[in-house]
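A.B. asks: below: sequence and its predicted model.
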Amino acid sequence: MAAAHDHLIRTVAPHASVRVAVAVTSELVAEAARRHELSPAATCAVGRALTSGLLLATLVSRPWHLYATLGVLVGGGGNCLGYTGQSLFLPNWFVRRRGLALSLTFSGVGAGSIVLLPSLQALIARAGWRAACVALGVLVLGVLIPLNLVLKRGPEDLGLQPDGDPAASGATAAVRTNVVDAAWVAVDWTLARAIRTTRFWWIFVGYFFGLFAWYAVQVH
């Protein structure tokens, strides 16, 4: 029983450290973007530094090294390059079909997993997990980060309009919006304000149970 318990702790702890890192970096990145207008390039720079944990993980010799590198560094870096980082800027490019744009973008997580995970598993079986960490680290640094660096905060930075619409001039310009609750959108939201609302907790419950099922499968 004790051996099984120790194995469970060793298995769950890296996943737990990833989720803690994601939770912390989500709030930090969102707050930095709100207060200091953090650019996509700056967000990606943070992600690049943290994702170096993939390369540092090859040097681990203690369990806590693994939690710090693959857990905290990679979890936080992936968050800056992925969901949270892109959610800060992608909505600026779309109004009418913003939800569709976000869903198609984040579906790349599943599509990438289908392609990458079998390849990484084959590499682990052939050369070991350290080689797989190096390969994935090089892939992130060499491909993903340069792609993120070409992102702009909004279409206006390139002289464009959201949804690819032509620019309206003078009196003919209309305010385009898909806002359902104007009073809600007008609030300058912070975490402290959000956690006092029912909507926040419904979203929290949805993500909690969805990711609970997801990571229960991953751990096993």
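C.D. replies: Perfect, thanks for sending it.
A.B. asks: mind splitting this structure into its structural domains?
C.D. replies: The chain breaks down into these domains under automatic domain parsing: 10-97+109-154, 188-220.
A.B. asks: out of those domains, deepest packed?
C.D. replies: Highest mean neighbour count among the domains of the chain (mean count of other C-beta atoms under 10 Å): domain 10-97+109-154, with a mean of 16. Placement of C-beta: from N, CA and C, glycine included.
A.B. asks: for this protein, give me the ranges with low pLDDT.
C.D. replies: 1-27, 29-30, 32-34, 36, 50, 167-180, 218-220 (pLDDT under 70).
A.B. asks: pretty sure residue 48 is touching residue 141, no?
C.D. replies: Yes - with contact defined as C-beta atoms under 8 Å, residue 48 reaches residue 141; the gap is 6.7 Å.
A.B. asks: shared neighbours, these two?
C.D. replies: Overlap of the contact sets of residue 48 and residue 141 (by C-beta atoms under 8 Å, 6 or more residues apart in numbering) is empty.
A.B. asks: now the domains of the chain in CSV, please, with extra columns for distance to residue 165.
C.D. replies: What follows is those, written out as CSV (distance: least, C-beta to C-beta, whole Å):
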stretch, distance to residue 165
domain 10-97+109-154, 9
domain 188-220, 27
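A.B. asks: those domains: which one's closest to residue 164?
C.D. replies: Across the domains of the chain, residue 164 has its closest neighbour in domain 10-97+109-154 (8.9 Å, C-beta to C-beta).
A.B. asks: ok, which stretches of this structure are helices?
C.D. replies: Assigned by DSSP state H, the helices in the chain fall at 2-36, 40-50, 53-56, 63-66, 74-81, 83-87, 98-127, 129-139, 145-149, 182-185, 191-194, 198-219.
A.B. asks: before we move on, the earlier item: now for the domains of the chain, which one comes closest to residue 181?
C.D. replies: domain 188-220 (9.6 Å).
A.B. asks: from the chain's centroid, how far away is the closest one?
C.D. replies: Distance, stretch centre to chain centre, for domain 188-220: 15 Å (C-alpha atoms, centre = their mean, to the nearest Å).
A.B. asks: with stretch 118-126 instead?
C.D. replies: 24 Å.
A.B. asks: mind checking how far the closest residue in space to residue 86 that isn't next to it in sequence is from residue 35?
C.D. replies: Excluding its sequence neighbours, the residue lying closest to residue 86 (C-beta to C-beta, 6 or more residues apart in numbering) is residue 105, at 6.3 Å. In this view, residue 105 and residue 35 are 25 Å apart by C-beta to C-beta, to the nearest Å.
A.B. asks: the domains of the chain: which one's closest to residue 160?
C.D. replies: Short answer: domain 10-97+109-154, nearest of the domains of the chain by C-beta to C-beta, at 8.6 Å.
A.B. asks: now do the closest one: distance to the chain's middle.
C.D. replies: Centre to centre, stretch against its chain (C-alpha atoms, centre = their mean), the figure for domain 10-97+109-154 is 7 Å.
A.B. asks: just confirm residue 88 contacts residue 42, I think it does.
C.D. replies: No - judged on C-beta under 8 Å, residue 88 makes no contact with residue 42 at a distance of 10.5 Å.
A.B. asks: what residues are up against the closest residue to residue 153 other than its chain neighbours?
C.D. replies: With sequence-adjacent residues excluded and distances taken as C-beta to C-beta, 6+ apart, residue 153 is closest to residue 89, at 5.7 Å. Contacts for residue 89 (C-beta under 8 Å, 6+ apart) come out as 40, 151, 152, 153, 154.
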